[in-house]
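S.K.: With the sequence up front, the predicted model follows.
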Amino acid sequence: MENIVIIGNGIAGISAARHIRKLSDKRIIVVSGETDYFFSRTALMYVYMGHMKFEHIQPYENWFWEKNRIELVRGYVTKVNPKVKQLLIDGSRALHYDKLIIATGSKPNKFGWPGQDLHGVQGLYSKQDLDLLEVNAPNKEVCKRAVIVGGGLIGIELAEMLRSRDIPVTFLVREDSFWNGVLPSGESQMINEHILEHHIDLRLGSNLKEIVSDENGRVKSVIIAETGEEIACDMVGLTAGVTPNIDFLKDSGIDLGRGVKVNRYLETNVADVYAIGDCAEQHEAIGNRRPIEAVWYTGRMMGETVAQTICGNKMEYRPGHWFNSAKFLDIEYQTYGWVFSERGMKENEAHFHWRHPNEKLCITVAFNKETSQFLGINTFGIRMRHQVFDKWLSQEKDVDHVMEHLADANFDPEFYKHHEADIVSKYNSDFGKSIKPKKKSLKRIFAMN
Amino acid sequence: MSTYDKSMALTGQPPAILSRNQKMATLVGMSGLLVLLLAAFNVSFPNKGLWLTLALSAISAGTIWFSWDAYSKKLPGIKNDGVWFKSISSKGFWGWIAGIALTGFYIILYFYPEYLGLVKDGNNKGIIGLFDPLSRMLSGNPASQWFVYGTLYTVAILAFGIKFLWKYRHNRYERIRTLSVMFFQTAFAFIIPELMARLNGDKILNGGSLPYYDLKNVWPLNYYNFEGYRIKAFLSSGDIGFALLIFGILSVFVITPILTYKYGKRWYCSWVCGCGGLAETAGDAFRQLSDKSVSAWKVERWVVHSVVVFVTLMTTAVIYSYLGTDTSKYWLTKSTFLIGVASLLTLVFAWVMLFKRDQFQKDAIYGAIGYFVIIMALISFHFFSGDGNVFLFKSETLRKSYSFLIGSIFSGVIGTGFYPIFGNRVWCRFGCPMAAMMGFQQRLFSRFRITTNGGQCISCGNCSTYCEMGIDVRAYAQKGENIVRSSCVGCGICSAVCPRGVLKLENGPLEGRIDSNQVLLGNDVDLMTLVNNK
């Protein structure tokens, strides 16, 4: 019986394991140094905030693994030797594989800041990081102020976490508006306002110069590069993105770039070794995607795909239309298709932006100004139906069609106020159109499956 | 292994447990309770009406002040910070104290009302005496332990309802639903029945007396509705009594099925029902304590459906016991009734087994067949033997044991007393026969579902954790499946707490309600066809 070893028990590795089990009887071994059981990484924040206990963010009960004959091994893989198809766990235990799947995820970026390895300085990625945060910032007495470096999704989550324990937070963002490398300016501006509403000391256009140590090697303060201002703090969160966690593969003969280089079949240069999830790097980017996609959904999709290949049905990784979601404090964000920020905007891409006059709600719709083809939507505070947009993108609908049928895509809970009329009227006045929004139709929505 | 693994217990803690405002609010609320407690120990209050008003106002004001301080100054949004750090909401010390106190209260209420001051044939004393003025004002009669309970129950739903409205002020579904349960409790469960009691003896009822009737309480939740004394009372109260009896029957066989088909059982369980009302308001702080394990689900299915069988047998036996045998006097005789019950059950059973068989787990099919055979055997056994004991036991024995085991112990002592230990829907989930029957329909024949939004689920677990019915919502959402579960009461909290906008309660066509969405959107179509090819 073939021996499948998967390094990493995150969403990518576990999706692969589950689907291999569905398709075959192969022996499956999952090795993880992080935790005994699979958990939802994106939910770590809720454990610190007291919304859930750690056990709640484990999607499967503990008996699940034995019942499905997925063997779990606890330990860090320190070496992989593809020549003899063997790996070493914690430098000692050897494990043989017939096929190997590398799904080791990421680690927080550190850009060589002075003081980045002091006590009290940490990233937020793993379960260990969460445990460390309980030591560094258990409450506002121990941690009188925290400084977060890096204005991305993890940064704002860490800010929300610390605020849930009333810890004062200073948030250093390199850009002149929050996440505006990704978000168009209107949206970015709205999030800036919302961050301030939550009493977070937001410093835009601010870079970290250095982290200052006290006499015990603990963080004492940080110094901002632009102003030279020194901010006293007891904890520093480094959240300036992540990078593939692949140091243990150096000298293994597996081709590495920033991540583990893979082709469209998720195969590495070495036979029978695959890489999926955050740590995989495509030789060439797929469509508008980045070569390394550190996203929950793509990890899951790669796991599903590689399971097919390993079980004899060789299959390319062909992700469909891009989608993603996040939550900025109280504001939910979803995106379908591509909407680029002003910085990354494609040729012929035009935007329609609508923002609610009082509430924190807005959308941005991207379309091709030559052909009017609908390209994508960002939505804040209004939930939208994935399937509807997926269909519109596949059918290459034009933006007028999307505007006309926007009510079909609404996914807010029942009785919520609808904003389609306002949105479409702004669209009409922006572009000189006279579209009448159609009423939501269950027939159209449910006939699409 | 990390060296920090064990730190949680030592250092993790929420910000200040209670603010100064919250401490004062607690004091105010407790002072109201203290008045009631003093009354229970027969401290005699001079002006009962005034003291009762003071006590109830203090309890409400304390609760409302507390929640105002907790929520009104924060931005609208999900307010679950520190839920698992607070001992009251995480089965800690205060959780157990609250559980024991509530359980004690229910035991006294159901079995020792004399300790609350109930006096037969004389003036009430103690707490019940304190409530006399209010009761006389509403119905003209002295209070009973049930009046005291009903009043406190209503106060709890209203005060904690206001708390809930604040907590979920960003969510219109939650707000409207909560206003609905507050209204139905106050009007239908509390005021209308008391006012109806004023009509007793009036000529509008032909001089008859209506039984106490909370109109929104439907059999089998209201398991006693068709007992002999009530039927007599209905029939002796002129056209109005007769109309109420007809309404009682229609609400079981016509109104409930239609509404459940259109909206799912949520129209009742989380919009109208009093048990649900208390669970959603006063019990909201405990919703995360329900057990989500597969084994708990198994227990739930067996227990709750056994209660349905029990209530069906019991009611059949009770109705049977007071029916006559002479067709010339009344068309409904003992034997026509039994034949009617048997045919109805056979019809339902046959429909399910013929058309919906594939939607059942194996153990559910065995259970259904087993129970069906037992009921039919008992009915025919009786039918052919024709003695006074229905179903081997005297109907009175069945009635009494149901009322004791299910009506008191399960729905009261365990159902509410154990809120802080097992969560706020223990009764609704494991015990309520009405919920089980509507759930049966909801699973098989209703437009209601919780739609999963394509592939957006991140398996975080908020939905499952905050599901009061113990449904592992995430298990469906992360596979891209819709959630169609008989136990779902449609409270909407899973959808509210979802950080990614994945869940939506909605009514839509029956076709494709359960399976069609098993598409994890995002991946290429060929792969998804393969993955879904089970």
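M.R.: That came through fine. Numbers count the residues shown, from 1 in each chain, chains lettered A, B, ... in the order given.
S.K.: Return the residues in contact with residue A:269.
M.R.: Applying Cβ atoms under 8 Å, 6 or more residues apart in numbering or on different chains to residue A:269 gives the contacts A:254-255, A:261. Placement of C-beta: from N, CA and C, glycine included.
S.K.: count of neighbours near residue 176?
M.R.: You didn't pick a chain, so chain A it is. Using other Cβ atoms under 10 Å in any protein chain shown, the number of residues around residue A:176 comes to 12.
S.K.: right idea, wrong chain: chain B
M.R.: 13.
S.K.: What does the pLDDT read for the nearest residue to it once chain neighbours are set aside?
M.R.: Nearest residue to residue B:176 in three dimensions, chain neighbours excluded: residue A:415, at 5.5 Å (Cβ to Cβ, 6 or more residues apart in numbering or on different chains). Per-residue pLDDT puts residue A:415 at 96.
S.K.: And what about residue A:415, helix, strand or coil?
M.R.: Under the three-state scheme (DSSP: H, G, I helix; E, B strand; the rest coil), residue A:415 adopts coil.
S.K.: ditto for residue A:73
M.R.: strand.
S.K.: Mind pulling up the pLDDT for the closest residue to it other than its chain neighbours?
M.R.: Nearest-residue entry for residue A:73: residue A:31, 4.6 Å, with adjacent residues in sequence omitted and distances by Cβ to Cβ, 6+ apart. pLDDT recorded at residue A:31 is 97.
S.K.: So, low pLDDT: which residues of the chain?
M.R.: No chain was given, so I picked chain A. Counting by pLDDT under 70, the low-confidence segments of chain A come to A:448-449.
S.K.: Please refer instead to chain B.
M.R.: Short version for chain B, where the test is pLDDT under 70: B:1-16, B:383-392, B:515-534.
S.K.: Show the backbone phi and psi for whichever residue of it sits closest to chain A.
M.R.: Minimum separation of chain B from chain A (Cβ to the nearest Cβ) falls at residue B:454, amounting to 2.7 Å. Backbone torsions for residue B:454, taken as degrees, to the nearest 10, come to phi 50, psi -130.
S.K.: now it, nearest residue through space, not along the chain?
M.R.: Nearest residue to residue B:454, sequence neighbours excluded (Cβ to Cβ, 6+ apart): residue A:386, at 2.7 Å.
S.K.: mind checking how far the one you found is from residue B:457?
M.R.: Distance of residue A:386 to residue B:457, computed by Cβ to Cβ, to the nearest Å: 10 Å.
S.K.: Equivalent analysis for residue A:30, please.
M.R.: In terms of Cβ to Cβ, residue A:30 sits 21 Å off from residue B:457.
S.K.: And residue A:152, by the same measure?
M.R.: Counting by Cβ to Cβ, the separation of residue A:152 from residue B:457 is 22 Å.
S.K.: Number of residues surrounding residue B:86?
M.R.: Residue B:86 has 17 neighbouring residues, counting by other Cβ under 10 Å.
S.K.: Settle this for me: it is touching residue B:92, isn't it.
M.R.: Yes - applying Cβ atoms under 8 Å as the test, residue B:86 and residue B:92 come out as touching, 7.3 Å apart.
S.K.: Let me see the contact set for residue B:423.
M.R.: Contacts of residue B:423 (Cβ under 8 Å, 6+ apart): B:283, B:286-291, B:468, B:470.
S.K.: what about the nearest residue to residue A:85 once chain neighbours are set aside, neighbour count?
M.R.: Spatial nearest neighbour of residue A:85, excluding adjacent residues (Cβ to Cβ, 6+ apart): residue A:97 at 5.5 Å. By other Cβ under 10 Å, 22 other residues sit near residue A:97.
S.K.: Hmm, residue A:97 is touching residue A:2, no?
M.R.: No - Residue A:97 is beyond contact range of residue A:2, at 9.2 Å (criterion: Cβ under 8 Å).
S.K.: right, and residue A:426 touches residue A:354 too?
M.R.: Yes - contact criterion Cβ under 8 Å: residue A:426 and residue A:354 qualify, at 4.9 Å.
S.K.: of those two, who's got more company?
M.R.: residue A:354 (19 against 16).
S.K.: what about that one, which helix or strand?
M.R.: strand A:349-355 (DSSP states H and E).
S.K.: Report the buried residues of that strand.
M.R.: Under the neighbour-count criterion of 16 or more other Cβ atoms under 10 Å in any protein chain shown, strand A:349-355 has A:349, A:351-355 buried.
S.K.: and the angle from the helix or strand following it to strand A:349-355?
M.R.: Downstream of strand A:349-355, the first helix or strand assigned by DSSP H and E is strand A:362-368. Taking axes from the mean of the first three to the mean of the last three Cα atoms, to 10 degrees, one finds strand A:362-368 and strand A:349-355 inclined to each other by 160 degrees.
S.K.: Report all helices and strands that strand A:362-368 contacts.
M.R.: Packing partners of strand A:362-368 (3 or more Cβ pairs under 8 Å, 6 or more residues apart in numbering or on different chains; DSSP states H and E): helix A:185-197, strand A:349-355, strand A:374-380, helix A:399-404.
S.K.: ok, 10 Å please
M.R.: Under the contact criterion of 3 or more Cβ pairs under 10 Å, 6 or more residues apart in numbering or on different chains; DSSP states H and E, strand A:362-368 touches helix A:185-197, strand A:331-337, strand A:349-355, strand A:374-380, helix A:399-404, helix A:420-431.
S.K.: Indicate which one of these is closest to residue A:102.
M.R.: Distance to residue A:102, taken as Cβ to Cβ, is lowest for strand A:331-337 among the helices and strands packed on strand A:362-368, at 28.4 Å.
S.K.: which helices and strands sit right next to the closest one?
M.R.: helix A:185-197, strand A:323-328, strand A:362-368, strand A:374-380, helix A:386-394.
S.K.: For the second one, which strands pair with it and how are they oriented?
M.R.: Next to strand A:323-328 in the sheet, as set by DSSP bridges, lie strand A:331-337 (antiparallel).
S.K.: Let me know how buried residue B:97 is, in neighbour terms.
M.R.: 13.
S.K.: Tell me how many other residues crowd the residue of the stretch 301-449 of chain A found nearest chain B.
M.R.: Residue nearest to chain B within the stretch 301-449 of chain A: residue A:386 (2.7 Å; Cβ to the nearest Cβ). Residues within reach of residue A:386, counting by other Cβ under 10 Å, total 27.
S.K.: Repeat that for residue B:355.
M.R.: Neighbour count for residue B:355, taken as other Cβ under 10 Å: 11.
S.K.: Test my guess that it contacts residue B:444.
M.R.: Yes - contact criterion Cβ atoms under 10 Å: residue B:355 and residue B:444 qualify, at 8.5 Å.
S.K.: still on that earlier bit, residue A:30 and residue B:457: who's more crowded?
M.R.: residue B:457 (28 against 24).
S.K.: May I have the secondary structure class of that one?
M.R.: Going by three-state DSSP: residue B:457 is coil.
S.K.: Just confirm it contacts residue B:451, I think it does.
M.R.: No - contact between residue B:457 and residue B:451 fails when scored by Cβ under 10 Å: they sit 11.9 Å apart.
S.K.: Identify the contacts common to those two.
M.R.: Common neighbours of residue B:457 and residue B:451 (criterion: Cβ atoms under 10 Å, 6 or more residues apart in numbering or on different chains): B:477, B:481, B:502-503.
S.K.: Out of these, which are close to chain A?
M.R.: With Cβ under 10 Å from any Cβ of the partner chain as the criterion, those include B:477, B:502-503 near chain A.
S.K.: Which member of these is positioned nearest residue A:282?
M.R.: Nearest to residue A:282 out of these is residue B:502 (Cβ to Cβ; 27.5 Å).
S.K.: Kindly tell me how buried the closest one is, as a neighbour count.
M.R.: Neighbour count for residue B:502, taken as other Cβ under 10 Å: 30.
S.K.: coming back round to it: residues in contact with the residue nearest to residue A:73?
M.R.: Going by Cβ under 10 Å, 6+ apart, residue A:31 touches A:5-9, A:13, A:71-77, A:87, A:89, A:93, A:95, A:97, A:104.
S.K.: PyMOL command for the buried members of those?
M.R.: To isolate the buried members of those in PyMOL, using 16+ other Cβ under 10 Å:
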select buried, chain A and resi 5+6+7+8+9+13+72+73+74+75+77+87+89+95+97+104
